[in-house]
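# Pasting the sequence and the predicted coordinates here, then a few questions.
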Amino acid sequence: MLRNQSGISVYTVLSIILFVALVFILAVPNFYNLDKEKNVEDCINNMKQLWVATTDYMRDTNADFSGDLSLLTKTPKAQDPKNKYLQSLTYCPETSRAKSEYIVFGKYVAEQIGTETKHNYGVIILCPNLAKYPKHFLPKAFYENMDPTQLQNYMIDDMDYIDKETGSNGIRKEEMIKKYIEIWKTDANAFQKRKENSTSLRAMLFPDKFGAAEPTVAD
């Protein structure tokens, strides 16, 4: 058997090298977070859980959601006091050591129709790393079986429009979504405007596309 001067066989050295290489190959994806598709899936699943928890919370409080996620982890469910709305906080898998929470906005609108009050809840979840990872975005298909309110449907369609318009430009996508959230925060008539004209809020974000367009009948 071939040996070097210290008496270690060449085959032993090769085995050690191969073992170290194998460990390195297996460790690198986890260390550097290279499994991007899995990270996208995990992030979207986190946002789905947040959307459900926030929507349930709003249905029980009939009020806007401030974005304070600790409310979801500390508040017992109205219909199930033994459990909280959210069991624990999760973070985007692309997050570095300084973990940033997901941005959550919830809008509540009470609409009086005759003697009946219709409760509308709309929730928007924003990944803190969206600017760098534009695929970290809740897809429109998620809401299909979630029984969304009219307000949520408005938000779903507008967010889908923003997603398509901004494409892979994460910085632009994040900018537009934050502006969209700001419209709902500051414009007391946003719901009525959106109800009367399906492109009204989109036109505020993309005036170059809607400036000369004819008003569109609401969805």
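Thanks, I have it.
# all helices of this protein, in order?
Per DSSP state H, the chain carries helices over the ranges 10-32, 36-61, 70-74, 150-166, 170-186, 190-196, 200-205, 207-210.
# possible to save the ones you listed as TSV with distance to Lys135 and mean pLDDT?
For the C-beta atoms, the positions are set from N, CA and C on the backbone; glycine is no exception. As requested, the helices of the chain are exported to TSV (distance: least, CB to CB, whole Å; pLDDT from 0 to 100):
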stretch	distance to Lys135	mean pLDDT
helix 10-32	18	60
helix 36-61	5	96
helix 70-74	25	96
helix 150-166	10	98
helix 170-186	9	98
helix 190-196	27	97
helix 200-205	20	97
helix 207-210	23	90
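# could I get these as CSV with mean neighbour count and distance to Val123?
Below are the helices of the chain laid out as CSV (neighbours: other CB atoms under 10 Å; distance: least, CB to CB, whole Å):
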stretch, mean neighbour count, distance to Val123
helix 10-32, 10, 32
helix 36-61, 18, 5
helix 70-74, 15, 11
helix 150-166, 19, 7
helix 170-186, 17, 11
helix 190-196, 18, 14
helix 200-205, 20, 16
helix 207-210, 12, 25
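# Tabulate the ones you listed in a markdown table, adding columns for distance to Ser100.
Listed next are the helices of the chain as a markdown table, based on distance: least, CB to CB, whole Å:
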| stretch | distance to Ser100 |
| --- | --- |
| helix 10-32 | 19 |
| helix 36-61 | 12 |
| helix 70-74 | 15 |
| helix 150-166 | 20 |
| helix 170-186 | 12 |
| helix 190-196 | 27 |
| helix 200-205 | 24 |
| helix 207-210 | 31 |
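# Nearest to Thr115, out of these?
helix 150-166 (18.6 Å; CB to CB).
# tell me the angle the closest one makes with helix 36-61.
160 degrees (axes from the mean of the first three to the mean of the last three CA atoms, to 10 degrees).
# And the chain, what are its domain boundaries?
Residue ranges for each domain of the chain read 1-32, 35-210, as given by automatic domain parsing.
# List the contacts of Val52.
Counting by CB atoms under 8 Å, 6 or more residues apart in numbering, Val52 makes contact with Met146.
# let's see it at 7 Å
Val52 makes no contacts at all, as judged by CB atoms under 7 Å, 6 or more residues apart in numbering.
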